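S.K.: no sequence on hand, only this structure:
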């Protein structure tokens, strides 16, 4: 299941436009999920605040949390008028900086051929004292689908 970070505007000049942005984002995430992807939906962040309105949250905390998910995603999908969103522009810049593909439409995302290898899952399946694995190159035949500075490429 490919992890897709969905990015687009959240805040706006009035509450109706904020709610529209949330609705657009959540609708795209639901469609991605129906199509077999694992979307990260930053618009669900509202749930933390509405469930615990007295929480000591900071905007910076939400930015850092979102970027942590972006950095382990397989792709970014942009929604809404993302070009006017400072947060989304920063997310796009970070994705490009670490080699994560960015798409402006679901059809463009679905045409993309993801390169998958066992190396992609190397961080999940690390050897422990109870088991051992041959060096990752045995499985991948030196296939490196991500740039050297991508989080998955660490070895």
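M.R.: That came in fine, so what should we check first? These figures come from a predicted structure and were not determined experimentally. Residues are numbered from 1 along each chain as shown.

S.K.: going forward, measure contacts between C-alpha atoms and count neighbours the same way
M.R.: Will do.

S.K.: isn't residue 6 right up against residue 74?
M.R.: No - checked against Cα atoms under 8 Å, the pair residue 6 and residue 74 is beyond contact range at 11.0 Å.

S.K.: tell me which of those two has more neighbours.
M.R.: For residue 6 versus residue 74, neighbours defined as other Cα atoms under 10 Å are more numerous around residue 6 (26 against 22).

S.K.: what residues are up against that one?
M.R.: Contact analysis of residue 6 by Cα atoms under 8 Å, 6 or more residues apart in numbering lists 25, 28-29, 39-42, 76-79.

S.K.: any chance of those in JSON lines, with pLDDT too?
M.R.: Shown next, in JSON lines, are the contacts of residue 6 (pLDDT from 0 to 100):
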{"residue": "25", "pLDDT": "94"}
{"residue": "28", "pLDDT": "96"}
{"residue": "29", "pLDDT": "96"}
{"residue": "39", "pLDDT": "96"}
{"residue": "40", "pLDDT": "96"}
{"residue": "41", "pLDDT": "93"}
{"residue": "42", "pLDDT": "91"}
{"residue": "76", "pLDDT": "96"}
{"residue": "77", "pLDDT": "96"}
{"residue": "78", "pLDDT": "95"}
{"residue": "79", "pLDDT": "93"}
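
S.K.: and the longest helix belonging to the chain, what does it pack onto?
M.R.: Using DSSP state H to define each element, the chain has its longest helix at helix 15-34. On a contact count with 3 or more Cα pairs under 8 Å, 6 or more residues apart in numbering; DSSP states H and E, helix 15-34 meets strand 3-7, strand 38-40.

S.K.: buried residues in that helix, which are they?
M.R.: By neighbour count, with 16 or more other Cα atoms under 10 Å as the criterion, the buried positions of helix 15-34 are 18, 20-22, 24-26, 28-29, 32-33.

S.K.: out of the helices and strands packed on helix 15-34, which is closest to residue 100?
M.R.: The closest of the helices and strands packed on helix 15-34 to residue 100 is strand 3-7. By Cα to Cα, the value is 10.0 Å.

S.K.: could you list the buried residues of that closest one?
M.R.: For strand 3-7, the neighbour count (16+ other Cα under 10 Å) marks 3-7 as buried.

S.K.: that one pairs with which strands?
M.R.: strand 38-40 (parallel), strand 75-78 (parallel) (DSSP bridges).
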